[in-house]
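Undergrad: I need the structure of the sequence given here:
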Amino acid sequence: MRRYIPIIILILLVIFLIIKLEDKDGSLKQLKSEVNELNDSKTIYYEAGDIAQEFINAYFIYDIRPDKEKVKEYIVDEKLNELDFGEDKKDGEDLGDIYSDVKRLDIYYGDSSVDKQKILGIFTNEITLNNVESEVQTFLELDMEKVKGEWKVVDLQLYQM
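TA: Just a heads-up that it's a prediction; the model follows:
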């Protein structure tokens, strides 16, 4: 009987190793499946980023004031009406020569879903007022959405420092 003990232990060890190997293979397949799901859910709509960049340039690069006609092709009407184009300034309320430019613009992609993309634009807004230059670090969060087949800004949050 004693000479069978090492053989029994060896058989049990082999069975144990086979079970563990199958368990590892199942875990590996599950991990691969989870990684594939994450990759599928992280669709990035680069075209939305291109439109966001064009919107930023259209609104923040100007002489005297932003051109509403240039901006309106990138944003939905309800948000367009919330932007300041300097149209409502009163007579005699002349601030002088104002020039605005965008430097070092970086576009970052956030969460996305079907035909929706969050964008963060970070740039330096260079403003010249009566020949006095200043720089403002700007963070612009944009919610982009496909509206009638075209990417548009549907919401925005502006932070300047």
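
Undergrad: for this protein, what spans make up the strands?
TA: 62-63, 98-113, 116-129, 132-147, 150-160 (DSSP state E).

Undergrad: for the ones you listed, which one ends up most surrounded?
TA: strand 116-129 (a mean of 18; mean count of other CB atoms under 10 Å). All C-beta spots, glycine's among them, are computed from the backbone N, C-alpha and C.

Undergrad: Rounded mean pLDDT for it, please.
TA: Strand 116-129 carries an average pLDDT of 95.

Undergrad: In contact with the residue lying closest to residue 118 once chain neighbours are set aside, which residues?
TA: Counting by CB to CB, 6 or more residues apart in numbering, residue 110 is the residue found nearest to residue 118 once chain neighbours are left out, at 3.4 Å. Residues near residue 110 by CB atoms under 8 Å, 6 or more residues apart in numbering: 117, 118, 119, 120.

Undergrad: In JSON lines: the strands of the chain, plus distance to residue 71.
TA: Converted to JSON lines, the strands of the chain look like this (distance: least, CB to CB, whole Å):
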{"stretch": "strand 62-63", "distance to residue 71": "10"}
{"stretch": "strand 98-113", "distance to residue 71": "13"}
{"stretch": "strand 116-129", "distance to residue 71": "14"}
{"stretch": "strand 132-147", "distance to residue 71": "13"}
{"stretch": "strand 150-160", "distance to residue 71": "9"}
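
Undergrad: So residue 139 sits against residue 120, correct?
TA: Yes: counting by CB atoms under 8 Å, residue 139 touches residue 120, with 6.8 Å between them.

Undergrad: Which among the strands of the chain is found nearest to residue 72?
TA: strand 150-160 (10.0 Å; CB to CB).

Undergrad: then the closest one to CSV, C-alphas only?
TA: Output of strand 150-160 as CSV, limited to C-alpha atoms (Å, rounded to 0.1, in the frame of the first residue of the first chain):
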residue,chain,number,x,y,z
GLU,A,150,-23.3,67.4,-39.1
TRP,A,151,-21.3,67.8,-35.9
LYS,A,152,-22.4,70.8,-33.9
VAL,A,153,-21.6,72.3,-30.5
VAL,A,154,-24.7,71.6,-28.3
ASP,A,155,-23.4,72.8,-25.0
LEU,A,156,-20.2,74.6,-23.8
GLN,A,157,-18.5,75.7,-20.6
LEU,A,158,-15.8,78.3,-20.7
TYR,A,159,-13.1,78.8,-18.0
GLN,A,160,-10.5,81.5,-18.4
